[in-house]
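**Student:** next one to model:
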Amino acid sequence: MQEIFINTPVINLDQLLKWAGIVDTGGQVKLLIAENLIRVNGIIISERRKKIRPGDIIEIQDIGIWKAVHQVEE
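**Tutor:** Okay, the predicted model is just below:
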């Protein structure tokens, strides 16, 4: 499991996946969701703008698993 560091208390799923370089466009996220390939904390997601918080586990079938982690600013 890889970590994705975020410096906000919440981020939309599509923004997170684009920011982390997992997908290139929001359209790709939409297709993955339509095919029921994305889970957050074990639950299949049906919305691109699902709110992701530190500690959430994002899994994309056959692609990978990531954990959102709060990045402490120094």
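**Student:** quick one, strands of this protein?
**Tutor:** For the chain, strands defined by DSSP state E occupy the ranges 2-6, 11-12, 38-40, 43-44, 51-52, 57-60, 64-70.
**Student:** correct me, but Gly64 touches Gly21?
**Tutor:** No - between Gly64 and Gly21 there is no contact, the gap being 11.5 Å when judged by Cβ atoms under 8 Å. From N, CA and C alone the C-beta is placed, and that goes for glycine too.
**Student:** and the two? Which one has more around it.
**Tutor:** Shown here are Gly64 and Gly21; by other Cβ atoms under 10 Å, Gly64 has more neighbours (11 against 8).
**Student:** quick one: the closest residue to that one other than its chain neighbours from Gly27, how far?
**Tutor:** Spatial nearest neighbour of Gly64, excluding adjacent residues (Cβ to Cβ, 6 or more residues apart in numbering): Gln2 at 6.7 Å. Going from Gln2 to Gly27 by Cβ to Cβ, to the nearest Å gives 23 Å.
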